[in-house]
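Enquirer: need a structure here:
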Amino acid sequence: MEPENKITGIILSGGKSIRMGENKAFIEMEGVPIISAIYSLFKELFQEVIIVTNQKELFTHFDSRIYADLIPNKGALGGLYTGIFFSTFHYSFCVACDMPFIKKSLVQYLIKNIRDDDVIVPRTKDGLQPLHAIYSKNCLDPIKNIIEQGKYKIIDFYHLVKIKIVEENDFFSLDPLRESFINVNTPEELLSVKRVKKTI
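Expert: A predicted model of the protein is given here:
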């Protein structure tokens with residue numbers, strides 16, 4: 001069935017994975033590469049899926065649009081800019097390729113919070129979660145502005161746009177363990193996450 005949401009799902013897979021020692025997108029969790037799990041979920045949720053990567057040849061087996069960074073070497077912020085730029089729709093939901101436990105119900109909840117804001121971002125006790133958030137096309141110029149100032153954190157442009165923060169108390173029941181925001185950067189983190197999943 002065709003997804004109803006006229007929203008693009010963006011998967012950022014441009015990181016160098018230096019600390020992990022291998023491409024994080026293809027690390028298997030419960031027998032499935034992380035990016036494959038994200039992609040399957042996105043195909044259920046969104047009418048369009050974009051993968052932003054500087055290794056396009058690794059992702060050609062996915063039925064999605066694939067783009068290299070328009071502004072190279074600017075980390076996740078540059079990848080976000082690229083995804084939003086090429087998105088067909090006004091809004092895009094963006095995640096990193098190393099987030100294995102994204103919850104469909106939580107993404108749907110964030111989508112329901114779209115009004116006329118430019119960023120819809122969850123906040124947990126750990127702070128804002130900019131790599132599990134919704135962005136509008138209105139973010140393009142502010143992102144470029146911030147990059148030109150030599151700033152590369154995603155949250156650095158938030159003060160330039162209309163932002164809606166969705167507090168943890170409002171979505172706690174959908175993800176009480178905050179698994180949606182787990183990412184794996186090192187072999188140690190990967191082992192830790194796998195141990196935790198075995199005990200749940």
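
Enquirer: residue closest to the middle of this structure?
Expert: With distances taken as CA atoms, centre = their mean, the chain has residue 95 as the residue nearest its mean C-alpha position (0.7 Å).

Enquirer: residues contacting that one?
Expert: By CB atoms under 8 Å, 6 or more residues apart in numbering, the contact set of residue 95 is 9-12, 38, 102, 131-132. The C-beta positions use only the backbone N, C-alpha and C, and glycine is treated the same way.

Enquirer: give me that answer again for 10 Å
Expert: The neighbours of residue 95, taking CB atoms under 10 Å, 6 or more residues apart in numbering as the test, are 9-12, 38, 41-42, 102, 107, 129, 131-133, 180-181, 183.

Enquirer: just the ones of the residues you listed in strands?
Expert: Using DSSP state E, the members of the contacts of residue 95 that fall within strands are 9-12, 132-133.

Enquirer: save those residues as TSV, and put in pLDDT too.
Expert: Shown next, in TSV, are those (pLDDT from 0 to 100):
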residue	pLDDT
9	98
10	98
11	97
12	95
132	98
133	98
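
Enquirer: want to throw those residues into JSON lines with neighbour count and distance to residue 90?
Expert: Output for the ones in strands among the contacts of residue 95, formatted as JSON lines (neighbours: other CB atoms under 10 Å; distance: CB to CB, whole Å):
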{"residue": "9", "neighbour count": "27", "distance to residue 90": "14"}
{"residue": "10", "neighbour count": "29", "distance to residue 90": "13"}
{"residue": "11", "neighbour count": "28", "distance to residue 90": "19"}
{"residue": "12", "neighbour count": "26", "distance to residue 90": "19"}
{"residue": "132", "neighbour count": "22", "distance to residue 90": "19"}
{"residue": "133", "neighbour count": "24", "distance to residue 90": "15"}
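
Enquirer: out of those, who's nearest residue 155?
Expert: Of all the ones in strands among the contacts of residue 95, residue 155 sits closest to residue 133, with 9.8 Å by CB to CB.

Enquirer: quick one: the closest one and residue 180 touch, right?
Expert: No - using CB atoms under 10 Å as the test, residue 133 is too far from residue 180 to be in contact (11.1 Å).

Enquirer: who touches both of these two?
Expert: In contact with both residue 133 and residue 180: 95, 110, 122, using CB under 10 Å, 6+ apart.

Enquirer: and the last one, helix, strand or coil?
Expert: What it means is residue 122. What DSSP: H, G, I helix; E, B strand; the rest coil gives for residue 122 is strand.

Enquirer: need the contact list for it.
Expert: Taking CB under 10 Å, 6+ apart, we find residue 122 in contact with 106, 109-110, 113, 128-130, 132-134, 165-168, 170-171, 175, 178, 180-181.

Enquirer: weed out the non-buried ones from these.
Expert: Applying 16 or more other CB atoms under 10 Å to the contacts of residue 122, the neighbour count classes 106, 109-110, 113, 128-130, 132-134, 165-166, 171, 175, 178, 180-181 as buried.
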